[in-house]
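Novice: curious how this folds, go ahead:
(one chain, ligands or ions: 1)
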Amino acid sequence: MTALIETRDLTLHMGGQEVLRDVNFALNPREIVTVVGPNGSGKSTFLRSLIGAVRPHSGKVTRKPGLRLGYVPQKLALDPSLPMTVARFLSLPDRIPAHMCAAALAEAGAEGYADRQIADLSGGQLQRVLLARALLNLPEVLLLDEPTQGLDQPGQAAFYRQIEEVRDRLGCAVLLVSHELHVVMSASDRVICLNGHVCCEGHPEVVAQAEEYRALFGTGTGGALALYRHEHTHSHDHDHAHEGCDHA
Ligand SMILES: Nc1ncnc2c1ncn2[C@@H]1O[C@H](COP(=O)(O)OP(=O)(O)OP(=O)(O)O)[C@@H](O)[C@H]1O
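Specialist: Model prediction:
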């Protein structure tokens, strides 16, 4: 098996209702794959089936033996009034040495956050801490369920650039769920449009043009995607210009 995780004809029921039907999927090393789809189309359930948290009704989920997974769930069940530092949060349930916490935070773009209170973090900062937590065991596969929910567009774009950097440095594969199609698509190698079954999949531009995708999301995204790609390139040029100055 060359794929890290694979599903074969995965069919899954929740509460007596069919949520996923005949989903065939493979995640290959170093890929960034984004799952898009309307509310209730089974995206979270699909991710949860990949980590083994829900069982298929029929079909199969296969993970490479010994696969190291990092998972960031959609919702964090933490009482915000409970005092808790970032370092302590990273050490739940198992104690993590300070240098490992610091390394994971740096990798997630949250350097120096260790002593901050979780409740005081902004949405974007909290997402980075959650990412750091998922990176603690050096995952070969990183699964993120709507990691940029509630962030503004620059915040979303910055977070996805962080994900690309993590993939480049750690060499992990990334599977993420998102609603922010135009932002996320340009950072993805492959997009899967899920609506109980796989409607269409492929390179972001191909999916944005697909009839099935347009039937679900309308035709506006192609333009937004093109616009974002432009901004993305522009901002990278800008970054490089700064790097050039720094080194000069
Ligand atoms: N524990 C559960 N018990 C019963 N039904 C469930 C359960 N979890 C999910 N479902 C149902 O499965 C369907 C898919 O839910 P899921 O959360 O996977 O969708 P989603 O695409 O992630 O949605 P969203 O974009 O709103 O987050 C929904 O109809 C939901 O009500």
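Novice: any buried residues in stretch 56-73, and which?
Specialist: Neighbour counts over stretch 56-73 (16 or more other CB atoms under 10 Å) mark Pro56, Gly59, Val61, Arg63, Lys64, Leu69, Gly70, Tyr71, Val72, Pro73 as buried. (Each C-beta comes from the backbone N, C-alpha and C, glycine too.)
Novice: run through the bridge partners of the fourth one.
Specialist: Which is Arg63. Ile5 (DSSP bridges).
Novice: tell me how far it lies from Ala3.
Specialist: Separation of Arg63 from Ala3 (CB to CB, to the nearest Å) stands at 9 Å.
Novice: any weak-confidence spans in the chain?
Specialist: Screening the chain residue by residue with the criterion pLDDT under 70, one finds the ranges 1, 80, 181-183, 185, 219-248.
Novice: kindly state the domain boundaries assigned to it.
Specialist: Under automatic domain parsing, the residue ranges defining each domain of the chain are 5-68+139-247, 78-138.
Novice: out of these, which gets nearest to the ligand?
Specialist: Nearest to the ligand among these is domain 5-68+139-247 (3.0 Å), distances taken as CB to the nearest ligand atom.
Novice: does the closest one reach the ligand?
Specialist: Yes. Judged by CB under 6 Å from any ligand atom, domain 5-68+139-247 and the ligand are in contact via Met14, Gly15, Val19, Gly37, Asn39, Gly40, Ser41, Gly42, Lys43, Ser44, Thr45.
Novice: helices along the protein, start to end?
Specialist: Using DSSP state H, the helices of the chain run over residues 43-50, 86-90, 98-107, 123-135, 153-170, 181-185, 204-209, 211-217, 221-247.
Novice: burial of Pro97, as a residue count?
Specialist: 9 (other CB atoms under 10 Å).
Novice: check the gap between the residue nearest to Val207 when sequence neighbours are not counted and Ala208 for me.
Specialist: Once flanking residues are discounted, Val207 sits nearest to Val191: 4.4 Å by CB to CB, 6 or more residues apart in numbering. Applying CB to CB, the value for Val191 to Ala208 is 8 Å.
Novice: do the same with Gly123
Specialist: 27 Å.
Novice: again, but for Pro65
Specialist: Separation of Pro65 from Ala208 (CB to CB) stands at 36 Å.
Novice: next: Ala102.
Specialist: On the measure of CB to CB, Ala102 and Ala208 end up 40 Å apart.
Novice: and Ser83, what does it touch?
Specialist: I think there's a mix-up here, since residue 83 is Pro and not Ser. Applying CB atoms under 8 Å, 6 or more residues apart in numbering, we find Pro83 in contact with Gln117, Ala119.
Novice: heads up, I number from 22, so please use that
Specialist: I'll keep to 22 as the first residue from here, and by that count the last item is Pro104.
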